[in-house]
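Asks: Sequence and computational prediction follow.
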Amino acid sequence: MQGVVRGVLSIQEIIKGAILKNCQGRYTIERKGSVYSRIGCVTSSASSIEEKGLENITVADILMTKGEARVGSWLWCQTDDTVDDAARNMAKNNIGSLVVLKPGEQQHIAGIFTERDYLRKIIGQGRSSKYTRIGEIMTDENKLITLPSDANIVQAMQLMTENQIRHVPVIDGKIVGMISIVDVVRAVVGQQTGELKRLNEFIQGEYY
C-alpha cells in the first residue's frame, strides 16, 4: 500500500513536470494550491471529483459518489448482537465492516467489527458465531481509527497504510459514513485517468 501511495504521488508530479516543460516559453503558468492553469487559455475547474487533484478530493467527496445510501442502519450493529447476525448483515449489504454501537437510543460508539475480527476470533479460535456476541470480539473504541469528512484522500491513504486497515468510519460528531480502501483506490484511478487524458490532449495540440 505504501508503494501505491508513493506511485500515485510520483505519477502526479511527472504529469505536472511534463506540462511545465511543454509550456516553457509559450505560456505563463500560475499555481493555485496544487492545480496548474494557463493564463489567458484554459483555466482548470474543480467542478467534479476528477478535476480537483488528489490533495483537494475530500472524504466527503468520496461519500457523495456512494449515493444517498452512504449511511444508514445497515452500517452498524450493537454490542449485544450475535456475530452471526452481524456477518449476515455485512454479506447482505456487501460491506467489510460495521461500526459497533452501545445499546440505547444514543449512538455511542463502542468499536468496530471487521472481516478480520471474524476470521481471527471466530474461525481462527473455533468459536460459534451464533452464540458469540459482537462485544466479545470487536476492536474496541480505544483502538478505533476514524476520519472527519473534510480530510483529503492523501490523508486517508496514509492513515490506512500506516495502520494497515481497509475500512475507516467517517465521524463528524456522529457517524456520517464509511470509506474503504476500494473507495480510495477508485477515486485515485479516476483522478489519474483525468490527468493523463488532459496531458495527452495537450501533447496532441487540442489546447490552443
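Replies: Noted; the coordinates are in hand.

Asks: just the strands in this structure please.
Replies: 29-32, 35-38, 76-78, 97-101, 109-114, 139-140, 167-171, 175-180 (DSSP state E).

Asks: which stretch in these has the least confidence?
Replies: Lowest mean pLDDT within these: strand 35-38, at a mean of 28.

Asks: What ranges in this structure fall below the confidence cut-off?
Replies: Applying pLDDT under 70 to the chain picks out residues 1-52, 67-72, 105-106, 194-199, 201-202, 205-208.

Asks: give me that answer again for 50
Replies: Applying pLDDT under 50 to the chain flags residues 14-16, 18-48.

Asks: Show me the helices in it, by range?
Replies: 2-23, 59-65, 83-93, 115-118, 134-137, 153-163, 181-203 (DSSP state H).

Asks: buried residues in the fifth one?
Replies: Of the residues in helix 134-137, those buried under the neighbour-count criterion (16 or more other C-beta atoms under 10 Å) are Ile134, Gly135, Ile137. (Glycine included, C-beta is placed from N, CA and C.)

Asks: what's it packed up against?
Replies: helix 83-93, strand 109-114 (3 or more C-beta pairs under 8 Å, 6 or more residues apart in numbering; DSSP states H and E).

Asks: can you rerun that using 7 Å?
Replies: Secondary-structure packing of helix 134-137 (3 or more C-beta pairs under 7 Å, 6 or more residues apart in numbering; DSSP states H and E): helix 83-93.

Asks: quick one, the helix it packs on and strand 97-101 angle?
Replies: 130 degrees (axes from the mean of the first three to the mean of the last three C-alpha atoms, to 10 degrees).

Asks: Would you indicate which residues of helix 83-93 are buried?
Replies: Val83, Ala86, Ala87, Asn89, Met90.

Asks: same deal with stretch 137-156?
Replies: Buried, per 16+ other C-beta under 10 Å, within stretch 137-156: Ile137, Met138, Thr139, Leu144, Thr146, Leu147, Ser149, Ala151, Asn152, Ile153, Val154, Ala156.

Asks: So what's the residue count around the residue nearest to the first one when sequence neighbours are not counted?
Replies: Just to be clear, that refers to Ile137. The shortest distance from Ile137 to any non-neighbouring residue, by C-beta to C-beta, 6 or more residues apart in numbering, is to Lys121 (4.0 Å). Number of residues near Lys121 (other C-beta atoms under 10 Å) recorded here: 17.

Asks: Distance check, Lys121 against Ile203.
Replies: In this view, Lys121 and Ile203 are 53 Å apart by C-beta to C-beta, to the nearest Å.

Asks: swap in Ala156?
Replies: 31 Å.
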